[in-house]
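K.L.:
below are the sequence and a predicted model for it; my questions follow.
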Amino acid sequence: MKKEQISMKQLSDSFRKDINSVRLNSHNTLVHELAKTKLSYILIKGGSKILTEVVFENGSRADILDLTNMRVYEILHSEKEKEALKKKEYYPEVFDIVFLRATEVLEETFIW
């Protein structure tokens with residue numbers, strides 16, 4: 001429970017905290033949104049509490065925040081590696097950051 005509380009303190013007060021709900025962003029590609037949904041399902045099925053389309057206190061955003069494990073998942077589709085690494089600078093330091101390619105998430109047929 002303590003990790004979840006620490007994670008929640010990093011979020012913007014204006015962000016609606018709907019745990020284990022997947023928010024879709026129409027500005028992203030369908031492939032990106034499908035990968036985010038699949039990964040969210042896998043994390044929830046594994047016992048994690050997650051938030052999607054998270055807004056942190058500093059205004060930065062992330063695709064998925066795993067509250068249980070204090071980990072941010074960023075789904076990459078069109079971004080280049082350099083652009084992805086730049087995003088890492090904006091996330092709160094308390095989180096591990098995991099970058100995953102959308103196509104790789106969708107191709108995987110196993111559940112972690």
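P.N.:
The structure has been received and is ready for your questions. Quick caveat: nothing in here was measured; it's all calculated off a predicted structure.

K.L.:
could you use CA atoms for every contact and neighbour count after this?
P.N.:
Fine.

K.L.:
so which bits of the helix or strand containing residue 38 are buried?
P.N.:
Assigned by DSSP states H and E, residue 38 belongs to helix 30-45. With burial defined by 16 or more other CA atoms under 10 Å, the residues of helix 30-45 counted as buried are 31, 32, 33, 34, 35, 36, 37, 38, 39, 40, 41, 43.

K.L.:
list the residues that contact the third one.
P.N.:
Put plainly, it is residue 33. Residue 33 makes contact with 24, 25, according to CA atoms under 8 Å, 6 or more residues apart in numbering.

K.L.:
so for the chain, the centremost residue is which one?
P.N.:
The C-alpha lying nearest the average C-alpha coordinate of the chain belongs to residue 64 (CA atoms, centre = their mean; 1.4 Å).

K.L.:
that one reaches residue 38, doesn't it?
P.N.:
No. Here residue 64 lies out of contact with residue 38, judged by CA atoms under 8 Å, at a distance of 11.2 Å.

K.L.:
what about residue 52, distance to residue 72?
P.N.:
For residue 52, the distance to residue 72 (CA to CA, to the nearest Å) stands at 10 Å.

K.L.:
do the same with residue 44
P.N.:
Taking CA to CA, one finds residue 44 at 14 Å from residue 72.

K.L.:
got any ranges where this protein has weak pLDDT?
P.N.:
Scanning the chain for pLDDT under 70 picks out 1, 109-112.

K.L.:
now the helices for it?
P.N.:
2-9, 30-45, 81-88, 102-107 (DSSP state H).

K.L.:
redo those helices as JSON lines? Include distance to residue 60.
P.N.:
Formatted as JSON lines, those follow (distance: least, CA to CA, whole Å):
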{"stretch": "helix 2-9", "distance to residue 60": "14"}
{"stretch": "helix 30-45", "distance to residue 60": "18"}
{"stretch": "helix 81-88", "distance to residue 60": "8"}
{"stretch": "helix 102-107", "distance to residue 60": "20"}
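
K.L.:
of all those, which lies closest to residue 59?
P.N.:
helix 81-88 (12.0 Å; CA to CA).
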